[in-house]
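In: Predicted structure and sequence below. I'll ask about it afterward.
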Amino acid sequence: MTKRNAFYAQSGGVTAVINATACGLIETARHRAGQIDTVFAGHNGILGALHEELIDTSQESARTIAALRHTPAGAFGSARYKLKGLQENRAEYERLFKVFDAHNIGYFFYNGGGDSQDTTHKVAQLGEQLGYPITCIGIPKTVDNDLPGTDSCPGFGSVAKYIAVSTREAGLDVASMAKTSTKVFILETMGRHAGWIAAAAGLAQELPGEPPHLILLPEIPFDRERFLSRVEQTVQELGYCVVVASEGTRNADGAFLADQGSGKDAFGHTQLGGVAPVIARLINDTLGYKYHYAIADYLQRAARHIASRTDVEQAYAVGQAAVEFALAGKNAIMLTITRLSDDPYRWQVGEARLAEVANVERKLPAEYISEDGLHITAQCRRYLSPLIAGEDYPPYENGLPSYARLRRCMVDKKLPRFEGN
């Protein structure tokens, strides 16, 4: 039987460890060269398949591929591009299969969040309808930690570590200056619908009175009066107040505090204008406190220099498992992390059917949120703590992290130009 090639693509917002997954997948495929020929990576995610822009990873040295393990962002380019339903836009899916056929691709590995798992599911469905032999494996990736069926999502542990560390360090800064300067500091985190990242800031508080003092979560409607009262009380008692706010903080009517009417992104998500300045102005206008705020934004998901070792190991492991599960005959599944125990923390790679996880969003459970809705519980702390454990520093050169630089050699095109997006 002729060996077949594999297609791998990175999708959606990138993370500090998505390239570790690519590393695990490509290295494992090379070790199984007798069963998989070449791994082609999509240039800019799924768009690379639509436009037949395929990167030949076999042209990268073993050293370069190994360096992906400690390199942040998406080495092959990612994209926020959502393929519509099979009936709505069948032409795009059929184009994918024309590209697959032209390049003898029999394995489809898609590395992303909920929308990406939906795409992988649809590709698997159409492959079955067309009678085209394609093995489809969804590989979890999202800093938001909101995929169902998996205990944690690669990418989350590192951003959680960054936020917890930043909260502790900024808290020390504010406390040292509060007597004559800033009284309130607000750190805005990612997390549009689920508060996992903001909740991770709670790990910085080990003793009563330590920051963060208040955590605003999308799962809990924002109560203006209660919030202001707690800020004032905290400043009076401690001299300062540190607030961590998820970008998805909402009013009781469901409207985002940060919705500035800026439209929607390619996935149909509301463009948020920044909740931290909104909260800062509210505090200043009402209580008159001097404030500072920070919007972690891309810094939190790009911070490979402070990545969680647990996260790196899990990201690499799902890349390995994608190849191993595919060669074992698995299809139309998403890989998962299964927690075996908290202390000591033990885990293994499992699987979930794509039909059960596509477009399903996992929120922060009620038992992880304190009774007043403004902090995390001990149960949440037990869940989060192992995910930020351990350090996995990249190599440094001239005082800066040394990251992989890929050649990105493109495969020759065989098909007419695609006229879509």
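Out: That came in fine, so what should we check first?

In: Which of the helices or strands spans Gly319?
Out: Per DSSP states H and E: Gly319 is located in helix 309-327.

In: List the buried residues for stretch 22-41?
Out: 22-30, 36-41 (16 or more other C-beta atoms under 10 Å). Every C-beta, even on glycine, is put in place using the N, C-alpha and C of the backbone.

In: can you pull out the strands in the stretch 251-400 of the chain?
Out: 259-264, 270-272, 291-295, 333-341, 346-353, 396-397, 400-401 (DSSP state E, counting those that start in this stretch).

In: just so I know, which of those strands lies nearest Gly202?
Out: Nearest of these to Gly202, taken as C-beta to C-beta: strand 291-295 at 17.3 Å.

In: Check which residues of stretch 247-254 are buried.
Out: When neighbours are counted by 16+ other C-beta under 10 Å, the buried residues of stretch 247-254 are found to be Glu247, Gly248, Thr249, Arg250.

In: now, which of those residues sits nearest Val231?
Out: Distances from the buried residues of stretch 247-254 to Val231 were compared by C-beta to C-beta; the smallest belongs to Thr249, at 14.2 Å.

In: Now that closest one: phi and psi?
Out: Listed backbone geometry of Thr249 is phi -60, psi 130, with angles given as degrees, to the nearest 10.

In: Please name the residues that touch it.
Out: Neighbouring residues of Thr249 by C-beta atoms under 8 Å, 6 or more residues apart in numbering: Leu216, Leu217, Pro218, Phe222, Phe256, Leu257, Ala258, Val275, Ile279.

In: For these, give me JSON lines that also has pLDDT.
Out: Formatted as JSON lines, the entries for these read as follows, by pLDDT from 0 to 100:
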{"residue": "Leu216", "pLDDT": "98"}
{"residue": "Leu217", "pLDDT": "98"}
{"residue": "Pro218", "pLDDT": "96"}
{"residue": "Phe222", "pLDDT": "97"}
{"residue": "Phe256", "pLDDT": "92"}
{"residue": "Leu257", "pLDDT": "92"}
{"residue": "Ala258", "pLDDT": "86"}
{"residue": "Val275", "pLDDT": "95"}
{"residue": "Ile279", "pLDDT": "96"}
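
In: So which of the residues you listed sit within helices?
Out: Within those, residues falling in helices by DSSP state H are Val275, Ile279.

In: Pull out the buried members of the contacts of Thr249.
Out: When neighbours are counted using 16+ other C-beta under 10 Å, the contacts of Thr249 contain these buried positions: Leu216, Leu217, Pro218, Phe222, Phe256, Leu257, Ala258, Val275, Ile279.

In: Could you export the residues you listed as JSON lines, including distance to Leu299?
Out: Listed next are the buried ones among the contacts of Thr249 as JSON lines, based on distance: C-beta to C-beta, whole Å:
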{"residue": "Leu216", "distance to Leu299": "19"}
{"residue": "Leu217", "distance to Leu299": "21"}
{"residue": "Pro218", "distance to Leu299": "21"}
{"residue": "Phe222", "distance to Leu299": "24"}
{"residue": "Phe256", "distance to Leu299": "21"}
{"residue": "Leu257", "distance to Leu299": "21"}
{"residue": "Ala258", "distance to Leu299": "18"}
{"residue": "Val275", "distance to Leu299": "16"}
{"residue": "Ile279", "distance to Leu299": "19"}
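
In: Can I get the strands of the stretch 251-400 of the chain in TSV including mean neighbour count and mean pLDDT?
Out: Rendered in TSV, the data for the strands of the stretch 251-400 of the chain read as follows (neighbours: other C-beta atoms under 10 Å; pLDDT from 0 to 100):
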stretch	mean neighbour count	mean pLDDT
strand 259-264	10	60
strand 270-272	17	57
strand 291-295	19	97
strand 333-341	20	98
strand 346-353	16	98
strand 396-397	10	97
strand 400-401	12	97
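
In: so which of those strands comes closest to Glu313?
Out: In terms of C-beta to C-beta, the element of these nearest to Glu313 is strand 346-353, at 9.1 Å.

In: Partner strands of the closest one and their direction?
Out: Take DSSP bridges as the rule and strand 346-353 pairs in its sheet with strand 333-341 (antiparallel).

In: Compute the inter-axis angle for the partner strand and helix 309-327.
Out: 130 degrees (axes from the mean of the first three to the mean of the last three C-alpha atoms, to 10 degrees).

In: on that earlier part again, could you point out which of the contacts of Thr249 is nearest to Asn5?
Out: Ranked by distance to Asn5 (C-beta to C-beta), those are led by Pro218 at 41.1 Å.

In: Now do the residue of the chain positioned farthest from its centre, the pLDDT please.
Out: Most distant residue from the mean C-alpha position of the chain: Thr180, 38.9 Å away (C-alpha atoms, centre = their mean). Looking at Thr180, its pLDDT reads 95.

In: Specify the local secondary structure of it.
Out: On the three-state scheme (DSSP: H, G, I helix; E, B strand; the rest coil), Thr180 is labelled coil.

In: I'd like to know how far it sits from Asp118.
Out: 53 Å (C-beta to C-beta, to the nearest Å).

In: can you tell which of the strands of the stretch 251-400 of the chain is closest to Ile134?
Out: Among the strands of the stretch 251-400 of the chain, strand 333-341 comes nearest to Ile134, with 13.4 Å by C-beta to C-beta.

In: what about Ala164, which helix or strand?
Out: Element membership for Ala164 (DSSP H and E) is helix 156-177.

In: That helix: what's the following helix or strand?
Out: Using DSSP H and E, the helix or strand that directly follows helix 156-177 along the chain is strand 184-189.

In: any residues touching the helix or strand that comes right after that next one, and which ones?
Out: Using DSSP H and E, the helix or strand that follows strand 184-189 towards the C-terminus is helix 196-200. Helix 196-200 has contacts (C-beta under 8 Å, 6+ apart) with 143-146, 156, 159-161, 163-164, 189-191, 215-217, 244-246, 300, 364, 368-369, 376, 380, 384, 388.

In: With stretch 227-242 instead?
Out: Around stretch 227-242, the neighbours that count as contacts under C-beta under 8 Å, 6+ apart are 167, 170-171, 174-175, 178-179, 182-187, 209, 211-214, 216, 243, 282-283, 286-287, 289, 374.

In: Tally up the residues packed near the residue nearest to Gly34 when sequence neighbours are not counted, please.
Out: Counting by C-beta to C-beta, 6 or more residues apart in numbering, the nearest residue to Gly34 once its immediate chain neighbours are dropped is Lys3, at 7.5 Å. For Lys3, the number of neighbouring residues by other C-beta atoms under 10 Å comes to 13.
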